[in-house]
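> Sequence first, then the predicted structure, then my questions.
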Amino acid sequence: MRSIVIVGALSCALLGAAPASAAPEVRSAQFETYCSPIDPGLEELSGLTSMDGVLYAIGDSGTDHRLAVLDEQCAVARWLEVPVDPYDVEDLASHGGRLWLSDTGDNRARRDTVAITGMDPSTGAGELHRLTYPDGPHDAETLLIEPSGRPVIVTKELSGVSGIYVPVGDTSVDQLPSPGPTPLRKVGELAFERTATPGGPPFVAGSILATGGAISADGTVVAVRTYNDLYLFDVHDGDIVKALGNDPVVVAAPQQPQGEALAFDSDGNLLVASEAVASEAVASGAVSSDAANGPLPPIQMLRGAADLVVAERTDTQLATASAESESKSRWVLGAMAVAGVLVSLSVAYGVRTARRR
């Protein structure tokens, strides 16, 4: 997403448009450098996914004609040409042994259709699957694929209230017609509140804009990121849509110029990546030219990210069990008290009856 000036101006004009709920509790976390890309083809890194121990990455509009296969040091082992001419790829996912490119970027909200492109990770062969929104154009940078294969698109809205869309009929990605289009239906919303977490591009209310997503390898945790924070949701029975309606664990992301990409590895660690400094930020004077000409941002890792949700789930279960136990104890004590009163009344009645005789 390179249109920083456009997005920034609009978001500044809408500073009062976000929902007026309380800001979430944001946890701090220790990130470490996973690796540091050096290939200039990754300066607009926007999508990231891990499959079978291999990391794949793609940039957005202007660099999304090819996809990088990375080695353990984030050097490009090889490039795969995208099989169709993309418009604006903003996210990358993997499912069923294939790569799925989210060609859903639409900064100016003028596309009649968006698309998901399937790719073979070995040959690069693939096909286009067009999609249509039921309520007009949207910009979207988040693609999540449920264990069942159903794709879930989360839009990026300046209001901070993202729409959640799935194909009509809940069609899985590998069953979407090509080229389509397949109509989408709106199934929910994901509202973000502004946080005090630093980072992100200048002039943008980055903490309310959804810029990427990922699901853990076992399908039990889903992550959605903004420029500033990471939202981790507990997933039950593979239902991502339902999970996005629950309370998340919110973790402050490391400061990045324009953080958009994230992916879980097979161990439940979360990788986060960023585009380099935007040229528009340099032109505006918000960022120095020296910073723009510096090294690419590293890919950073939050170890045990999935475990944070597991721990939260355990705490919730223990709290619920404790509350139920306390409630049950109170019920038992109440019942005993009532029984005691009834016994006392019965005895008193018996004594009075005996005296009358």
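On my side now, so go ahead.

> Spit out the contact partners of the residue nearest to residue 137 when sequence neighbours are not counted.
In space, not counting the residues next to it along the chain, residue 137 is nearest to residue 109; the distance is 4.2 Å by CB to CB, 6 or more residues apart in numbering. C-beta here means a position set from N, CA and C on the backbone, and glycine is covered the same way. If you count contacts by CB atoms under 8 Å, 6 or more residues apart in numbering, residue 109 has them with 136, 137, 138, 139.

> show me where pLDDT drops low in the stretch 251-357 of the chain?
Residues of the stretch 251-357 of the chain meeting the criterion pLDDT under 70: 278-293, 314-357.

> quick revisit: next, find the distance separating the residue nearest to residue 137 from residue 68.
Residue 109 sits at a distance of 29 Å from residue 68 (criterion: CB to CB, to the nearest Å).

> Secondary structure element holding the residue nearest to residue 137?
Assigning secondary structure by DSSP states H and E places residue 109 outside every helix and strand.

> Same check on residue 260?
Short version: residue 260 belongs to strand 258-264, going by DSSP H and E.

> cool, and residue 157?
With secondary structure defined by DSSP H and E, residue 157 is part of neither a helix nor a strand.

> okay, it: pLDDT?
The predicted local distance difference test score for residue 157 is 97.

> Contacts only, for the closest residue in space to it that isn't next to it in sequence.
Among residues not flanking residue 157 along the chain, residue 163 sits closest, at 6.9 Å (CB to CB, 6+ apart). Contact partners of residue 163, counting by CB under 8 Å, 6+ apart, are 135, 138, 154, 155, 157, 186, 188, 189.

> and if you look at residue 147?
219, 238.

> Remind me which helix or strand it belongs to.
Secondary-structure element containing residue 147, defined by DSSP H and E: none, the residue being outside all helices and strands.

> Likewise for the one 5 residues further on?
In this structure, residue 152 sits in strand 151-155 according to DSSP H and E.

> Starting from that strand, tell me which strands it pairs with and how they run.
With DSSP bridges as the criterion, the sheet partners recorded for strand 151-155 are strand 140-145 (antiparallel), strand 161-167 (antiparallel).

> Just say which of those is most tucked in.
Per residue and on average, the most neighbours among the strands paired with strand 151-155 fall to strand 140-145, with a mean of 27 (mean count of other CB atoms under 10 Å).

> can you list contacts of that one?
If you take CB under 8 Å, 6+ apart as the criterion, strand 140-145 is touched by 1, 46, 90-95, 100, 102, 104-106, 114, 116, 151-156, 162, 173, 210-215, 222, 224, 240, 260.

> Looking at these, which are in helices?
residue 240 (DSSP state H).
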